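Q: Structure for this input, please:
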Amino acid sequence: MIPQDWCEAVPYFNEGRHERILQKIAGLRETTTVFPPEEQVFAALQVVPFDDVRVVILGQDPYHGAGQAHGLSFSVPEGAKFPPSLRNIFKEIDAEFHGGIKRDVSTDLTRWAKQGVLLLNATLTVQEGKAASHAKLGWNAVTDDIIKAISRKRKNLVFLLWGKHAQDKRPLIADNDHCILEAVHPSPLSASRGFFGCNHFILTNDWLREHGQSEIEW
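A: As a prediction, the model looks like this:
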């Protein structure tokens, strides 16, 4: 379920401490509906090898509507209900690169992940219809260790921290020549207060290019 390279790089996995959380989740699946499906809980790590990560986008917890969560922060599969936050992300991208012209784009962000964008939620599971219902099951210890490991063992990454919950993770990011960009969350409740116009996607590509890497095709 967890790729070998991530197991070796992240102490929490290496030491097997995540197994207790997985046992809790397995028990909850017997009596409640849990998203995402078991095989997609670690999808963010399955799509992006540890050494290929170039950008990290931190989310909070999976979507709790049926058919939406598939293991990548902010992303939903093709055909799923289009989340407002993701719609605002695309609106900002269109403003930065396409003169504000709305494009017909896939809601599945796997294409970003395959370019080295780690789409990581702080909590990796959720009960159907109950936002943040698994926030206290121990997932933060796992994902905090992922952030620590990736920031210590890699250089010149871009971290996109949208909203207070993501920005609270900033102290976990090692001082290792990384670019850290902060803005309010893309939720409709806050996007107009600084997410729109943040230029994070252009700034990310500028940083990557300046450090000899290819740009992300957003």
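Q: contacts, neighbours, all on C-alpha from now
A: Fine.
Q: State the distance from residue 109 to residue 76.
A: Between residue 109 and residue 76 the computed distance is 7 Å (Cα to Cα, to the nearest Å).
Q: Please say which of those two ends up with more neighbours.
A: Taking other Cα atoms under 10 Å, residue 109 and residue 76 do not tie; residue 76 has more neighbours (24 against 20).
Q: In contact with that one, which residues are there?
A: Under the criterion of Cα atoms under 8 Å, 6 or more residues apart in numbering, the contact partners of residue 76 comprise 67-70, 82-83, 107-109.
Q: mean confidence for stretch 33-47?
A: This predicted structure assigns stretch 33-47 an average pLDDT of 99.
Q: Count the neighbours of residue 81 for me.
A: Using other Cα under 10 Å, residue 81 has 13 other residues around it.
Q: what's the answer for residue 79, then?
A: A count of neighbours around residue 79, defined by other Cα under 10 Å, yields 11.
Q: List the residues that contact it.
A: For residue 79, no residue counts as a contact, taking Cα under 8 Å, 6+ apart as the criterion.
Q: element containing the residue of the chain positioned farthest from its centre, please.
A: No residue in the chain has its C-alpha farther from the mean C-alpha position than residue 31, which lies at 27.5 Å (Cα atoms, centre = their mean). Counting by DSSP states H and E, no helix or strand carries residue 31.
Q: Would you map the helices across the protein?
A: In the chain, the helices defined using DSSP state H lie at 4-9, 11-14, 19-29, 43-47, 84-97, 110-113, 139-153, 164-167, 200-210.
Q: Mean neighbour count and distance to residue 103 added to the ones you listed, as CSV?
A: What follows is the helices of the chain, written out as CSV (neighbours: other Cα atoms under 10 Å; distance: least, Cα to Cα, whole Å):
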stretch, mean neighbour count, distance to residue 103
helix 4-9, 16, 35
helix 11-14, 17, 40
helix 19-29, 13, 38
helix 43-47, 22, 25
helix 84-97, 18, 7
helix 110-113, 20, 16
helix 139-153, 19, 32
helix 164-167, 17, 27
helix 200-210, 18, 16
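Q: So for residue 191, which of those helices sits nearest?
A: helix 84-97 (7.3 Å; Cα to Cα).
Q: what's the average pLDDT for that closest one?
A: The average of the pLDDT scores along helix 84-97 is 98.
Q: same question, stretch 175-190
A: Looking at stretch 175-190 alone, the average pLDDT works out to 98.
Q: any residues touching that stretch, and which ones?
A: Here stretch 175-190 has contacts from 84-86, 88-89, 151-152, 154-164, 167, 191, 193-196, 198, 200, 207, using Cα under 8 Å, 6+ apart.
Q: Show me the shaky parts of the protein.
A: Along the chain, no part satisfies pLDDT under 70.
Q: again, only using 90
A: Low-confidence regions of the chain, defined by pLDDT under 90, span residues 1.
Q: Tabulate the helices of the chain in JSON lines, adding columns for distance to residue 119.
A: Converted to JSON lines, the helices of the chain look like this (distance: least, Cα to Cα, whole Å):
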{"stretch": "helix 4-9", "distance to residue 119": "15"}
{"stretch": "helix 11-14", "distance to residue 119": "18"}
{"stretch": "helix 19-29", "distance to residue 119": "20"}
{"stretch": "helix 43-47", "distance to residue 119": "6"}
{"stretch": "helix 84-97", "distance to residue 119": "13"}
{"stretch": "helix 110-113", "distance to residue 119": "7"}
{"stretch": "helix 139-153", "distance to residue 119": "11"}
{"stretch": "helix 164-167", "distance to residue 119": "12"}
{"stretch": "helix 200-210", "distance to residue 119": "14"}
